[in-house]
Structure formats: structure tokens, C-alpha cells
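**Q** here are the coordinates; sequence isn't available:
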């Protein structure tokens, strides 16, 4: 485990951030953010698997695949710049050009992030003005990173950020991150933006490999509502300012980098899942003793994504039949007559089933356990040694209220 420290994207050496109120959609809050590195960065990214991809996703895929050194990320909330055609893609270039002019960097070193309503064009006069404000306000202190994390929120109820340190040889390396996500969240990748910075010296191959592999066990294992977004983006910038010996896939420091990156990604993923629209509880679903990792994932995700399970959690009801039902249609093979189910939270722990049938548990005790803000469920399928964890949240009346009038 890495050492948790205060801050987010500005915690690593050489990174600055800023927030600005450009009034793209919201009139009473900041809605644009910038992350800037004082020196060129190695860049890696993963993106939505939705065939319908936002213009900013297409722009970032081009930048990441080109191998060009990155210098900045500019993100807006309120309008997603998705389903906007050639005009929307041109607006990405316009945004990058504005950042290049304000920061004195190449336009093709600027990555773009957008989140919000699909189908609307960005008001570019406000975006350009916002970029200029961001460039003038950026700074390296913790507060600037926090402000940036708040600026990319849409229906999120809180900012999401983390910073972790680890040792690479004799050098201390820092990884910081910020994310947003609350609705339209579903695996592959899920509806979210995550921007990660590190002062590690690392090859592009090692950075992309570490990110691509870790996304499978973090962001791809969360769900709020079953909708895979058009805008999902995870970007990592590494500027090398920790001056460690360059990390490669085969170097001794690579596992430590992987572990620290995983800590950052898992933390942000869980924060997204727990902050689902209208949610009151984070649900962690762990499947143990499965025959394969893939089957463990299928089982865990099926339960975390089940609307009936999510509503049972909202009602603090230990309706375990819904859990077995969700496992049964997951596509993974298992024997339902061997499954043990457990619930736990800060209020205690309880075994609900043994070998597929109910134990003599107390409904009152179960209700108390399921009334906490973080709930853990373990399913022991007694088949092997593989395990996997998925994260979701309860499904409440407020989810409908928030999404019924989202555009208005």
C-alpha cells in the first residue's frame, strides 16, 4: 500500500490546476477545470466502449495514440459535446488552440474532457474565456486541485480526489487523482471522468499497461444505473519530476507503481459508486472461492447491477433471494445450493444463507446492518480460489427525480 497524503492532482511535483466559472450551463458555480504540467508528460488513457463517442473522447484517443507529449487537460461540465458531429470535434481543436495560446504550449499537447447534457453544442465564446481564466488562475497548492475537482462535478454531491506516495528506489513518487461520476455509470468503462497525475519517470508502454490492466478491476467494476456513457475517459499524465530511475514493465519499481495506481483508481471508483444519483449507500459485492476470476467478476457485477437488489438495499431489506437470482442470470456457472451469503457494515455482520438456504438470522439485526452508508456483501460459491469485487449503490426515488428533469 502507498502512503496516503493530503491533496489530489496538484500533489505530484510540477502539476498545477485551476477552476473557473464560464457559465457553460451552470450559472452559480465553477464549470471548467484545468490541469497543467510544467514539463512535458508521458500520457496514457482508456475510454468508453460505447459506439457513440463524444468529440472529446475522439480527440483524446488521437492524442494518446500519437505518442505526443501531453502538457494540459481542459475539462468542462454541463455540456458533454457528444452527438455534435464535425462541429463538436472542431470545438475540441478550438479549445486546445485557446489553451495553447494561453499556456504557450503546442495545441496537440492539450487533452479535453467534457461531461453533461448530450446533443448540445458548446458555447465557444464562453469556453475560450474560461480557458483564459484558467490559465491565469492556475497554481500548485492543494486548494487549486480541490477547486478543479469541484468544477467537473455535474450531479455529484461532492468532489472526489486522492493522493498517494510510494518509493521507487531512493526517490519518493506521488500519484494524485480527481474524478467525477454520479449517473450514467456502468462497467466498460462507466460514466465518468478520471484525471490522474504523477511525477514518476515511466515509459509510455509501462504507463498504458498499468492503466489498462487496472481499469478492469476498478472503474469497470462499478455501476449505478446500467448506462454506459458516451464520454468515459481516464487519463494519466506522468512528468518524471520525481527523478526516479525510469520505470519499465520489467523494472523492480513497476509493481509498486501498479499498487499505488490501483489504490488511487479503486478509491475514486468507490467514491463514484457511492455517490450515485440519489444514493444513500455504497454497496460492495465480493465473490470468493469462484472457479475463475472472470466468473467471479460476472457474479459480482450481476449483483451490483441488479435493480431489485439495489432497491432492497434502499429499503434496508435483506432480500437475499434477489441476490441469488442476479447471480443465476449472470452467465457464470455455480451451484446455488452451496452459496453462503454474508452482510456487514459498521453496525456488525451477519450470515444470511448457508448452502443456498436461509439461516436463522434476525431481520432486525439485518436491517440495522443494511441501514449504514457503506454495506459489504460476500458470496462464497465454494468452487475454487478466484475472487472479485464490484461496487454499486442503492436505487432510490431521488434517482428518478434527478434524471426526469436533467435537461431542464
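**A** Received it, and whenever you're ready, just let me know what you need. Being a predicted model, the structure only gives us computed values, none of them experimental.

**Q** what residues of the longest helix along the chain count as buried?
**A** Of all the segments of type helix in the chain, defined by DSSP state H, the longest one is helix 254-274. Of all the residues in helix 254-274, those buried under the rule 16 or more other Cβ atoms under 10 Å are 254, 256-258, 260-274. The C-beta positions use only the backbone N, C-alpha and C, and glycine is treated the same way.

**Q** ditto for stretch 93-109
**A** Buried positions in stretch 93-109, judged by neighbour count with 16+ other Cβ under 10 Å: 94, 95, 96, 98, 99, 100, 102, 103, 105, 107, 108, 109.

**Q** mind checking pLDDT for the third one?
**A** In the predicted model, residue 96 carries a pLDDT score of 97.

**Q** partners of the helix or strand in which residue 237 is found, with directions?
**A** Under the criterion of DSSP states H and E, residue 237 resides in strand 233-238. Strand 233-238 pairs in its sheet with strand 32-47 (antiparallel), strand 193-198 (parallel), by DSSP bridges.

**Q** buried stuff in the longest one?
**A** The one in question is strand 32-47. Neighbour-count burial for strand 32-47 [16+ other Cβ under 10 Å]: 32-37, 40-47.

**Q** can you put those in CSV and add distance to residue 358?
**A** Output for those, formatted as CSV (distance: Cβ to Cβ, whole Å):
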residue, distance to residue 358
32, 53
33, 49
34, 54
35, 51
36, 57
37, 56
40, 60
41, 55
42, 54
43, 52
44, 47
45, 47
46, 41
47, 44
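
**Q** among the residues you listed, which pair sits farthest apart?
**A** Taking Cβ to Cβ, the two most distant members of the buried residues of strand 32-47 are 32 and 42; they sit 25.0 Å apart.

**Q** any idea which residue sits dead centre in this protein?
**A** Among the residues of the chain, the one closest to the centroid is residue 269, at 4.3 Å (Cα atoms, centre = their mean).

**Q** how close does that residue get to residue 218?
**A** For residue 269, the distance to residue 218 equals 4 Å [Cβ to Cβ, to the nearest Å].

**Q** how about residue 22?
**A** From residue 22 to residue 218 the distance is 31 Å (Cβ to Cβ).

**Q** for the stretch 301-408 of the chain, what spans make up the strands?
**A** Counting by DSSP state E, counting those that start in this stretch, the stretch 301-408 of the chain has strands at residues 340-345, 348-354, 357-358, 374-380, 386-393.

**Q** so where is this protein shaky, pLDDT-wise?
**A** For the chain, applying pLDDT under 70 flags the ranges 182-191, 224-231, 278, 402-403, 405-408.

**Q** next, residue 81: secondary structure please.
**A** At residue 81, secondary structure determined by DSSP: H, G, I helix; E, B strand; the rest coil is coil.

**Q** what's the neighbour count on the nearest residue to residue 363 once chain neighbours are set aside?
**A** In space, and not counting its chain neighbours, residue 363 is closest to residue 318: 6.8 Å by Cβ to Cβ, 6 or more residues apart in numbering. By other Cβ atoms under 10 Å, 25 other residues sit near residue 318.

**Q** ok, the one 10 residues further on next?
**A** Applying other Cβ under 10 Å, we find 13 other residues in the vicinity of residue 328.

**Q** out of everything not next to it in sequence, what's closest to it?
**A** Once flanking residues are discounted, residue 328 sits nearest to residue 336: 6.5 Å by Cβ to Cβ, 6+ apart.

**Q** and stretch 47-59, which residues are buried?
**A** 47, 48, 50, 53, 54, 55, 56, 57, 59.

**Q** could you work out the most separated pair of these?
**A** Largest separation among the buried residues of stretch 47-59 by Cβ to Cβ: 50 and 59, giving 15.8 Å.

**Q** for residue 5, which non-adjacent residue is spatially closest?
**A** Nearest to residue 5 is residue 163, by Cβ to Cβ, 6+ apart, at 4.9 Å.

**Q** OK, contacts around residue 210?
**A** Contact partners of residue 210, counting by Cβ atoms under 8 Å, 6 or more residues apart in numbering, are 44, 254, 257, 258, 261.

**Q** most distant residue from the middle of this structure?
**A** The centre of the chain is farthest from one residue, residue 360, which by Cα atoms, centre = their mean lies 38.7 Å away.

**Q** could you check how far it is from residue 399?
**A** 34 Å.

**Q** kindly report the same for residue 281.
**A** Distance from residue 281 to residue 399, by Cβ to Cβ: 13 Å.

**Q** again with residue 164
**A** Distance from residue 164 to residue 399, by Cβ to Cβ: 32 Å.

**Q** likewise residue 108?
**A** Going from residue 108 to residue 399 by Cβ to Cβ gives 40 Å.

**Q** thinking again about what came up before, other residues contacting the strand holding residue 237?
**A** For strand 233-238, contacts defined as Cβ under 8 Å, 6+ apart pick out 15, 35, 37, 41-48, 56-57, 60, 64, 70, 73, 111, 113, 189, 192-202, 207, 211, 215, 219, 261, 265.
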